[in-house]
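Asks: Here's a sequence, model it:
(one chain, ligands or ions: 2)
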Amino acid sequence: MENKKSILCIGAGYVGGPTMAMIAAKCPDYTVTVADINADRIARWNSDSLPIYEPGLYDVVKQARGRNLFFTTDVEQGIRNAYLIFVSVNTPTKTFGAGAGKAADLQYWEKCARLIAETADSTKIVVEKSTLPVRAAEAIHRILQSNPRGIEFHVLSNPEFLAEGTAIRDLENPDRVLIGSMTVPDSHEAMQTLVDLYAHWVPRERILTTNVWSSEMSKLVSNAMLAQRISSINSISALCERTGADVSEVSRAVSMDSRIGSKFLRPGVGFGGSCFKKDILNLVYLCEQYNLDAVAKYWEQVVLMNDYQERRFAERIVKAMFNTLSGKRIALFGFAFKADTGDTRESPAIYISRMLIEEHAKLAIHDPQALPNARLDMKGYEDCIEYCEDPYEAARGAHAIAIITDWHAFTELDYQRLYDSMEKPAFLFDGRNILDHRKLFEIGFEVYPLGKAKLSHMVHSR
Ligand code: UDX
Ligand code: ADP
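Replies: Ligands and ions are numbered 1, 2, ... in the order given. Prediction:
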C-alpha cells in the first residue's frame, strides 16, 4: 500500500541520483527510493565509491542513505510503494527510423510508463524528470490511463536544470523549479504535492507552475539558448584569430553590457555534455514536424557551429605542426566535457581525438576523473592511445600539449618541467584559454590560445 510521503525515482544516473539525494536530505519526512535496472550502478550508489563524480555529492548521500534514501534494483516494488514517481531514465537521440539523428528515443521512457501502468495498484503521480519532447506528457498519460484496472494517474513535467560539476549547488539553490501540469481534473492537487515537496527548501517565489507543454518547452529552450551563446562566442573566436582581435577581450567588453551578461560566453573547443546537442536537435525536429523550416535551420546552426569549432581546433593543431602529425605524440589534457565531472558524453575530446588519430598522431590522454569513460569512448583505438594518470608522464616526449577541458588543476602544473620533458619545438594549444600564455611563451612554448594571436618564436611565422 502506498504512502503519500513515499517517493520513487526510476533511473539512478547523473540527474536521478543527485536530485533524489538532495530531496532526501532536505525532506527527512519523506522516504526516497532510487531504482535502476543497472545492478552495478545501484551497488555503487550503495558503496563509498559512487558511480558518478560530483563535488559534494558524497556528503549529501551519506547524510540520508539508510535513513530515508535507498537505492535498489527492485523497480516494481518501488512502484507499488510510492505515491510520487519521478522518471529519470535516458532519452538519447534516435539512431534509427523516423527522426534518426534528431528526435528523442523514448523507448526507455515508454518501457517505464508501461511498467508503472502494469504494476501500480493505486493512484500515482508520475513526474517527467528526463527532458522529453513537447507533448510527451500527453502520450505518457495515455499509456498510463490505458491500464485495465482503472487506476488514476497524474502526469507532471518537472525538468531538471542542474549542471554537472555544480549539481549540488544547483539543487540546493536553484534559480527556479518548474512544474508543469496537465489541464485535467485533479491535476491541481498533484501539482500542489510536488510544490510542497520543493517548498521544504526552495523559496516559494522560485517555484513556477505552468502548463505541461510550456514546462517541456522551457527546458529545451533554456538549453538551446545557453548553447547558442557558446556557439556565438565560438564563431567570433574564429574571426578574432584572423583579425588579430582577442576573443577574451571581446567577450569581456560585450558581457559588461548588463543586458547581455557574462555567463556562457567563454570560448572553447565546443560544448559537450548529454543535453545541449540532444535538446537542440529535439527542438529542430519539433520545428520540422510543424513545417517551421526557417526556425529549424536557425537552431540547427548552433549545433553546426559547434561541430565547426571542434574541427577547427583539431585542424589548427595539424596546420601549426607543419601539416603533419605522423608519429608525433600529443598530450591531451582533459577528456571530460567540462571540469569537475568524469562525464564524457558528447565531449569535444572524442571528436578531436579521432581527428588527430586520423592524422596518425599518438595520443597521451590525461584527465583527473574521466579516464575510465575515455577508454570506453575510444575503444578500438588502443594502439594509438596511452592513458596517463600523471600529466607529466603524458607530456614526456610529446610534441604538443592540447588543453581540452577547463580543469583548474591544469593551471597549477609546472609548465617549465613539462616543457623540459617535451620534444622541441614544444607546442601548446589552449582550447579553454585557462593558462598564462605570456608565461608559457617565455618558457619557450609555441603558444596557440583560442581566438587570439599565437605567440611564436619561429622567424617568419605569422
Ligand atoms: C547543461 C545546462 O547548463 C543545465 O541547465 C542542464 O540541466 C543540462 O545541460 P551541463 O551540460 O551539465 O548542463 O554543463 P554546462 O555547464 O551547461 O556546460 C555545457 C558545455 O558547454 C560544456 O562542454 C562546457 O565546457 C561548455 N561551455 C559552457 C563553454 O564552452 N563555454 C561557456 O561559457 C560555458
Ligand atoms: P541522465 O544524465 O539523464 O541522468 P543517465 O544515462 O546518467 O541519464 O541515467 C539514466 C539511468 O536510467 C541509467 O542508469 C539507466 O540504467 C536507467 N534506466 C534506463 N531504463 C531504465 C528502466 N526501464 N528502468 C530502470 N532504470 C532504467
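
Asks: all strands for the stretch 351-462 of the chain, in order.
Replies: For the stretch 351-462 of the chain, the strands defined by DSSP state E, counting those that start in this stretch cover 362-366, 385-388, 400-403, 427-430, 446-449.

Asks: distance between the first one and the chain's centre?
Replies: For strand 362-366, the distance from its own C-alpha centre to the chain's C-alpha centre is 23 Å (Cα atoms, centre = their mean, to the nearest Å).

Asks: what helix or strand does residue 300 sit in?
Replies: helix 293-320 (DSSP states H and E).

Asks: is that helix up against ligand 1 anywhere?
Replies: No. Using Cβ under 6 Å from any ligand atom, helix 293-320 stays clear of ligand 1, coming no nearer than 8.8 Å. Glycine gets a C-beta too; all of them are placed from N, C-alpha and C.

Asks: so after that helix, what's the next helix or strand?
Replies: Next element after helix 293-320 (DSSP H and E): strand 329-333.

Asks: Check which residues of stretch 311-330 are buried.
Replies: 312, 313, 314, 316, 317, 318, 320, 321, 325, 328, 329, 330 (16 or more other Cβ atoms under 10 Å).

Asks: Could you pull up the contacting residues of the fourth one?
Replies: If I follow you right, that is residue 316. 429, 448 (Cβ atoms under 8 Å, 6 or more residues apart in numbering).

Asks: Just give the closest residue to residue 338, not the sequence neighbours.
Replies: Nearest non-adjacent residue to residue 338, counting by Cβ to Cβ, 6 or more residues apart in numbering: residue 165, 5.9 Å away.

Asks: Am I right that that neighbour is in contact with residue 55?
Replies: Yes. Counting by Cβ atoms under 8 Å, residue 55 is a contact partner of residue 165 at 6.9 Å.

Asks: quick check, distance from stretch 33-47 to the centre of its chain.
Replies: 21 Å.

Asks: Now that stretch: average pLDDT?
Replies: When pLDDT is averaged over stretch 33-47, the result is 98.

Asks: can you redo the strands of the stretch 351-462 of the chain as TSV with mean neighbour count?
Replies: Below are the strands of the stretch 351-462 of the chain laid out as TSV (neighbours: other Cβ atoms under 10 Å):
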stretch	mean neighbour count
strand 362-366	24
strand 385-388	17
strand 400-403	26
strand 427-430	26
strand 446-449	24
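
Asks: Does the residue nearest to residue 338 belong to a helix, a strand or coil?
Replies: Three-state call for residue 165 (DSSP: H, G, I helix; E, B strand; the rest coil): coil.

Asks: Near it, how many other residues are there?
Replies: 21 (other Cβ atoms under 10 Å).

Asks: With the one 3 residues further on instead?
Replies: The local packing count at residue 168 equals 20, with neighbours defined by other Cβ under 10 Å.

Asks: Now do the phi/psi pair for it.
Replies: phi -70, psi -40 (degrees, to the nearest 10).

Asks: Next: residue 456.
Replies: The phi/psi pair for residue 456 (degrees, to the nearest 10) is phi -130, psi 140.

Asks: Going forward, the N-terminal residue is numbered 583.
Replies: All right, first residue 583 from here; so that's residue 1038.

Asks: Can you check what angle separates the helix holding residue 882 from strand 911-915?
Replies: Going by axes from the mean of the first three to the mean of the last three Cα atoms, to 10 degrees, helix 875-902 is angled at 130 degrees with respect to strand 911-915.

Asks: Where does the stretch 833-982 of the chain get nearest to ligand 2, residue-wise?
Replies: Closest residue of the stretch 833-982 of the chain to ligand 2, Cβ to the nearest ligand atom: residue 856 (5.1 Å).

Asks: Report the helix or strand with the lowest average pLDDT across the protein.
Replies: helix 718-727 (a mean of 90; mean pLDDT, DSSP states H and E).

Asks: what packs against it?
Replies: helix 689-701, strand 706-710, strand 735-739, helix 794-825 (3 or more Cβ pairs under 8 Å, 6 or more residues apart in numbering; DSSP states H and E).

Asks: buried set for the helix or strand following the longest one?
Replies: Elements were assigned by DSSP H and E; along the chain past helix 794-825, the next helix or strand is helix 829-837. Of the residues in helix 829-837, those buried under the neighbour-count criterion (16+ other Cβ under 10 Å) are 829, 830, 832, 833, 837.

Asks: Find the nearest non-adjacent residue to the last one, please.
Replies: The shortest distance from residue 837 to any non-neighbouring residue, by Cβ to Cβ, 6+ apart, is to residue 844 (3.7 Å).
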